[in-house]
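Student: Show me the folded form of this:
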Amino acid sequence: MNLFILSTILSTATAFAPSSTHQTLAQRSAIAQSNDSSSALCAKYKKVFVAGGSKGVGRCIVDKLIADGSEVVALVRSDEAVAELSAIDGVTAVKGDAFDYKSVEGAIDGCDAAITTLGGSVEDEKRVDYTGNNNVIEAAGVLGCTRVVLVTSVGCGDSKDAAPPSVFEALKEVLAAKTKAENVLIKYYTNMNWTIIRPGGLVTEAMTGKAALTADKMGIGSIHREDVADLTVKALSAPNTEKKIFAAVDPSLNSAANTDGNTFEAFELN
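Tutor: Okay, the predicted model is just below:
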């Protein structure tokens, strides 16, 4: 079971989702983030490790980091992914397995920040959602890479009640593994400047530029993968996101997961 189910369920548009909700959020200047606002946050990390960079949100993050002027080291599992990412100027693709701590430690060595979007894979009854993410966190701590952004999911930790019951039940093992990784980062790496980002239902479409982070633990909705990547890279260089947990949602998208019309206060990055 992986997050494809969550993406499918939460991103389903519904004619019954109240349009007034989206209008209200769109009127909030903090919520409506234009593409121009990204220029206010400059890349402060020169070499960033990315786990999960071969596809999905992670792949979009690689592109955003390069556009921001950072070098990227990406840990990937296949020769095809190595070839694809190595063709991008500024990217060093390392073949390795996130389940193997030494592979992670070797790739992250020399980086001054790390982003992990790992999820979905299972080996020997171990989920990469915990084991792989934990390896990234541990290696970063050992090597003195003190800036870590962990991308998990709405439904983890204290956002359990934000996910629709049917979604939470379908993904409870995945969410439990991701929550375990979150707890390791929060409880045992107090000297690390971490940030946790929990996207809502993922959609593969071009970014809208209207997505936002919210500190509201009940934040729920749909969001395009490219917008998650955009917010993640912005959050990486925003000091006021350190040691905080956010949901990532897009108020401009209809979402079957927010039929109650809840509004959420956006977090302004700076």
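Student: Only C-alpha atoms from now on, for both contacts and neighbour counts.
Tutor: OK.
Student: residues in contact with the nearest residue to residue 139 once chain neighbours are set aside?
Tutor: Of all residues not flanking residue 139 in the chain, residue 105 sits nearest, at 5.1 Å (Cα to Cα, 6 or more residues apart in numbering). Neighbouring residues of residue 105 by Cα atoms under 8 Å, 6 or more residues apart in numbering: 135-136, 139-140, 143.
Student: Could you provide those in CSV, with additional columns for neighbour count, distance to residue 247 and pLDDT?
Tutor: Conversion of those to CSV gives the following (neighbours: other Cα atoms under 10 Å; distance: Cα to Cα, whole Å; pLDDT from 0 to 100):
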residue, neighbour count, distance to residue 247, pLDDT
135, 21, 23, 98
136, 30, 21, 98
139, 22, 25, 98
140, 26, 23, 98
143, 15, 28, 97
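Student: Quickly name whichever of the residues you listed is closest to residue 263.
Tutor: Top of the list for closeness to residue 263, among those and by Cα to Cα, is residue 136 at 33.9 Å.
Student: can you map out the helices along the stretch 101-250 of the chain?
Tutor: For the stretch 101-250 of the chain, the helices defined by DSSP state H, counting those that start in this stretch cover 101-108, 131-143, 165-170, 172-188, 225-236.
Student: orientation of the first one relative to helix 131-143 in degrees?
Tutor: Spelled out, that is helix 101-108. 60 degrees (axes from the mean of the first three to the mean of the last three Cα atoms, to 10 degrees).
Student: buried residues in helix 101-108?
Tutor: Neighbour-count burial for helix 101-108 flags 101, 103-105, 107-108 (criterion: 16 or more other Cα atoms under 10 Å).
Student: picking up where we left off before, most packed of the helices of the stretch 101-250 of the chain?
Tutor: Most buried of those, by mean neighbour count (mean count of other Cα atoms under 10 Å): helix 225-236, with a mean of 25.
Student: now that one: how far from the chain's centre is it?
Tutor: 7 Å (Cα atoms, centre = their mean, to the nearest Å).
Student: Stretch 220-230 now?
Tutor: 9 Å.
Student: and what of stretch 247-257?
Tutor: With Cα atoms, centre = their mean, you get 15 Å for stretch 247-257.
Student: picking up where we left off before, can I get the contacts of residue 105 in JSON lines including distance to residue 254?
Tutor: Output for these, formatted as JSON lines (distance: Cα to Cα, whole Å):
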{"residue": "135", "distance to residue 254": "36"}
{"residue": "136", "distance to residue 254": "34"}
{"residue": "139", "distance to residue 254": "39"}
{"residue": "140", "distance to residue 254": "38"}
{"residue": "143", "distance to residue 254": "43"}
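Student: Let me know the closest of the residues you listed to residue 229.
Tutor: residue 136 (18.3 Å).
Student: Tell me how far that closest one lies from residue 116.
Tutor: Relative to residue 116, residue 136 is positioned 7 Å away (Cα to Cα, to the nearest Å).
Student: Over to residue 166?
Tutor: 27 Å.
Student: Show me the shaky parts of this protein.
Tutor: Where the chain drops to pLDDT under 70, the residues are 1-43, 259.
Student: what about the closest residue to residue 220 other than its chain neighbours, neighbour count?
Tutor: In this structure, residue 220 finds its nearest non-sequential neighbour in residue 200, 5.7 Å apart by Cα to Cα, 6+ apart. Residue 200 has 30 neighbours, counted by other Cα atoms under 10 Å.
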